[in-house]
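Trainee: Sequence below, structure please.
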Amino acid sequence: MIKWNKVTWYSKLLAVIIYVATLAIGIYIGMQYEIIKLIK
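Mentor: Have a look, this model is predicted:
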């Protein structure tokens with residue numbers, strides 16, 4: 001049985017993965033945007 005009020009190691013892991021993924025996507029989009037701006 002999972003206790004939802006307790007922060008488990010895998011919920012922390014999931015939060016880290018989501019954070020890193022969001023950061024990576026943000027950087028990727030930012031880079032693509034800069035490239036498009038340079039071309040135009």
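Trainee: what ranges of the chain fall below the confidence cut-off?
Mentor: 1-6 (pLDDT under 70).
Trainee: ranges for the helices of it?
Mentor: Applying DSSP state H to the chain gives helices spanning 9-39.
Trainee: Can you tell me the centre-most residue of it?
Mentor: Thr22 (2.2 Å; C-alpha atoms, centre = their mean).
Trainee: how much space between Gly30 and Val16?
Mentor: 21 Å (C-beta to C-beta, to the nearest Å). In short, each C-beta sits where N, CA and C put it, glycine included.
Trainee: Equivalent analysis for Tyr10, please.
Mentor: For Tyr10, the distance to Val16 equals 10 Å [C-beta to C-beta].
Trainee: and what of Thr22?
Mentor: The value you get for Thr22 to Val16, if C-beta to C-beta is used, is 11 Å.
Trainee: now Ala24
Mentor: 12 Å.
Trainee: what's the burial count for Gln32?
Mentor: As a burial measure, Gln32 scores 10 neighbours (other C-beta atoms under 10 Å).
Trainee: swap that for Tyr28, sorry
Mentor: By other C-beta under 10 Å, neighbour count at Tyr28 equals 10.
Trainee: for Ile18, same thing?
Mentor: Ile18: 10 neighbours (other C-beta under 10 Å).
Trainee: Would you quantify the distance from it to Lys12?
Mentor: Taking C-beta to C-beta, one finds Ile18 at 11 Å from Lys12.
Trainee: so what's in contact with the two at the same time?
Mentor: When contacts are counted by C-beta atoms under 8 Å, 6 or more residues apart in numbering, the set common to Ile18 and Lys12 is empty.
Trainee: List the residues that contact Ile39.
Mentor: Ile39 touches nothing, counting by C-beta under 8 Å, 6+ apart.
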